[in-house]
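J.: here you go, sequence then predicted model.
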Amino acid sequence: MVPDISVTRRTLLAGSGVALGGSLVSTGLLAPAWLPDSVTDIALELYPEPPGHLWRPEISAEHADEAVELLEETVAQAKTLQERIDVNTLPEDLAFHLDNSDPSGGWLESARDESNPRERLFAATYGMQFAGEVIGYAKVVLDEVEPEALVDRGMQLRKETDAVLDSFADYAVSNPARDFAYLYATERQLSFARLNSHRSGIHAGGVASANDYSDRDVASTWGSHIQAKQYLRNARYYRDLYREGLSSDASSSMAVLNDAVTTLTNAINEFPRRDEMRTKIEDELELTHETPYGAARWELFALCYDNDFRFGFDADGYRTGHTVVRLVEVARALLARKAHAFTLSELDVSPDDSEYDSGHAFREKRRAVRTFRSVRNKYDSPFAGVLAQTASDRIRAGDIGVGDYEDDIPGWRERVEATTYYLVGTGQMRELGDVLGIVLDGWHTASLD
């Protein structure tokens, strides 16, 4: 409930005063509980947030330019094939994909115009899928498709990803807080390459037979393979950056990484399993999204009890053998489960509540940002940034949807879900040092032996 305040203060909050009110709230000069929800909602959006990316490998202009060149070659090939086709004779679905003057969907122009190397690389890579699909559809129309060749090319791409992975099989490090971050970036690109090597860039186990390729599969796989080629280039580029940073006394960290994965996984196993938590919320507590408490518990379940850390690492998975990626996924999963317990204790909502004051959401965003900054200042290494990325993502996503209420969705739902995001971010950052220590302290201990 908003208390009765003076006309002067209400005048301050009206019109241009809303922005001033938001700025005063952000500095703590006005308590959020004094303000109506509509104003606090705006302040929530305006309050500063963590960076969108805490750490990423640097991208050179030369590397980005090579990606643009690959896209240019792909577009040129697509146009050459298009010139051989009369789209007016094609069925509507095929004509739709081939009747265009820019096979890249505008991404080649964006890549050429972009001055930032990272953005140039992104635009070029994105455009490869579009241009590659045009090539695939054109070959379907021209009856030049050999699905067996696509299957073979996919296998070759996977062999190349394995070769890059094998090139740093001992996981030598000299500065783990830096080197693990570069190894993570390298493995992540390899996982993208391996995933895109499969039919339509989708992998659910095994290898699709050439007989299973539809016309659509041929086209989408052509684009996916070109993107896979670029992801392989990225992986080699990141691997070389990692190698450049190694000192002469670098030593293998494989045993340390495996021990850390085991320790972190054992810690996760002390928490309820995902299906057990779902059963508790759904069957035992009988919660739905129709109350603030129920909405918060379901959102908290979605944020903190995913099973991504278990997926894709088996012998046939697209992340098989990716030791550092697995370590990061397990560490993030543990941070999320620890944040679940913290959020429940701090949520300030009960099963009987029917409303939720936006002031709660604002206070938790403010605390989340302050906690994030404090912890990040203490743990400022690249690898700490990798582990803390999900906390930043949660905090930044909290205000999405707040203030944009549909008639059938009560305003309290977005506010209590926003609060859940902020508390999860706070909880993860509070635990970051301990989880990070399991990895880095293990390496330092081993290096002394």
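T.: Okay, I see it.
J.: the longest helix in this structure is where?
T.: For the chain, the helix reaching the highest residue count under DSSP state H is reported as helix 411-448.
J.: number of residues surrounding residue 172?
T.: Applying the criterion other Cβ atoms under 10 Å, we find 18 residues in the vicinity of residue 172. No exception for glycine: its C-beta is placed from N, CA and C like everyone else's.
J.: typo on my end, residue 278
T.: Using other Cβ under 10 Å as the criterion, residue 278 is surrounded by 14 other residues.
J.: and residue 258, by the same measure?
T.: Counted with other Cβ under 10 Å, residue 258 comes out at 14.
J.: spatially nearest residue to it, not counting backbone neighbours?
T.: Across the structure, with Cβ to Cβ, 6 or more residues apart in numbering as the measure, the residue nearest residue 258 apart from its sequence neighbours is residue 323 (7.3 Å).
J.: surely that neighbour touches residue 170?
T.: No. Using Cβ atoms under 8 Å, residue 323 is not in contact with residue 170, being 10.8 Å away.
J.: give the intersection of the neighbour lists for those two.
T.: residue 254 (Cβ atoms under 8 Å, 6 or more residues apart in numbering).
J.: neighbour count for the two, which is higher?
T.: For the pair residue 323 and residue 170, the greater number of neighbours falls to residue 323 (23 against 11), based on other Cβ under 10 Å.
J.: quick one: that one and residue 271, what's the gap?
T.: Between residue 323 and residue 271 the computed distance is 23 Å (Cβ to Cβ, to the nearest Å).
J.: do residue 152 as well
T.: 44 Å.
J.: next: residue 258.
T.: 22 Å.
J.: spell out the residue ranges of the strands in this protein.
T.: Along the chain, the stretches classed as strands by DSSP state E are 172-173, 251-252.
J.: of those strands, which stretch is the most buried?
T.: Compared across the strands of the chain, strand 172-173 shows the largest average neighbour count, a mean of 22 (mean count of other Cβ atoms under 10 Å).
J.: more neighbours: which of residue 152 and residue 271?
T.: Set residue 152 next to residue 271 and count neighbours by other Cβ under 10 Å: residue 271 wins out with 18 against 12.
J.: who are the contact partners of the more buried one?
T.: Applying Cβ under 8 Å, 6+ apart, the residues near residue 271 are 337, 340.
J.: state the distance from it to residue 175.
T.: Taking Cβ to Cβ as the measure, residue 271 falls 32 Å from residue 175.
J.: ok, now residue 444?
T.: Computed with Cβ to Cβ, the distance linking residue 444 and residue 175 is 11 Å.
J.: in terms of packing, which of the two has more residues around it?
T.: When residue 444 and residue 175 are compared on other Cβ under 10 Å, the one with more neighbours turns out to be residue 175, at 16 against 11.
J.: could you find the closest non-adjacent residue to the more buried one?
T.: Counting by Cβ to Cβ, 6+ apart, the residue nearest residue 175 is residue 245, at 6.9 Å.
J.: got it, and residue 427?
T.: Closest residue to residue 427 apart from its sequence neighbours, by Cβ to Cβ, 6+ apart: residue 339 at 3.0 Å.
J.: wait, that neighbour sits on residue 332?
T.: No. Using Cβ under 8 Å as the test, residue 339 is too far from residue 332 to be in contact (10.2 Å).
J.: of the two, who's got more company?
T.: Residue environment comparison for residue 339 versus residue 332 gives the larger neighbour count to residue 339, 25 against 22, counting by other Cβ under 10 Å.
J.: need the contact list for the more buried one.
T.: Shown in contact with residue 339 (Cβ under 8 Å, 6+ apart): 303, 304, 423, 424, 425, 426, 427, 428, 430, 431.
J.: apply 7 Å and report the result again.
T.: With contact taken as Cβ atoms under 7 Å, 6 or more residues apart in numbering, residue 339 is in contact with 304, 424, 427, 428.
J.: now these in JSON lines, with distance to residue 111?
T.: Listed next are the contacts of residue 339 as JSON lines, based on distance: Cβ to Cβ, whole Å:
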{"residue": "304", "distance to residue 111": "38"}
{"residue": "424", "distance to residue 111": "36"}
{"residue": "427", "distance to residue 111": "40"}
{"residue": "428", "distance to residue 111": "35"}
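J.: same list (the strands of the chain) but as CSV, adding distance to residue 183.
T.: Compiled in CSV, the strands of the chain are given as follows (distance: least, Cβ to Cβ, whole Å):
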stretch, distance to residue 183
strand 172-173, 8
strand 251-252, 12
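J.: quick one: closest of those to residue 314.
T.: Within those, the stretch nearest residue 314 is strand 251-252; the backing value is 24.1 Å (Cβ to Cβ).
J.: for that closest one, which strands pair with it and how are they oriented?
T.: strand 172-173 (antiparallel) (DSSP bridges).
J.: report the distance from stretch 51-70 to the chain centre.
T.: A distance of 17 Å separates the centroid of the chain from that of stretch 51-70, by Cα atoms, centre = their mean, to the nearest Å.
J.: please save the CA atoms from it in CSV.
T.: What follows is stretch 51-70 as a C-alpha-only set of coordinates in CSV (Å, rounded to 0.1, in the frame of the first residue of the first chain):
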residue,chain,number,x,y,z
PRO,A,51,27.9,-5.5,-17.8
GLY,A,52,26.4,-7.8,-20.4
HIS,A,53,29.6,-9.7,-20.9
LEU,A,54,32.1,-10.1,-18.0
TRP,A,55,34.9,-11.6,-20.0
ARG,A,56,35.4,-12.7,-23.6
PRO,A,57,38.5,-13.3,-25.6
GLU,A,58,39.7,-10.4,-27.7
ILE,A,59,38.9,-10.5,-31.4
SER,A,60,41.5,-9.1,-33.8
ALA,A,61,40.5,-7.2,-36.9
GLU,A,62,42.2,-9.9,-39.0
HIS,A,63,40.2,-12.7,-37.6
ALA,A,64,36.9,-10.8,-38.1
ASP,A,65,38.0,-10.0,-41.7
GLU,A,66,38.6,-13.6,-42.5
ALA,A,67,35.0,-14.4,-41.4
VAL,A,68,33.7,-11.7,-43.7
GLU,A,69,35.7,-13.1,-46.5
LEU,A,70,34.1,-16.6,-45.9
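J.: mind listing what's buried along that stretch?
T.: For stretch 51-70, the neighbour count (16 or more other Cβ atoms under 10 Å) marks 54, 55, 57, 59, 63, 64, 65, 67, 68, 70 as buried.
J.: return the subset of those residues lying in helices.
T.: Assigned to helices by DSSP H, the following of the buried residues of stretch 51-70 qualify: 63, 64, 65, 67, 68, 70.
J.: how does the chain divide into domains?
T.: When the chain is parsed with automatic domain parsing, its domains come out as 61-251, 254-448.
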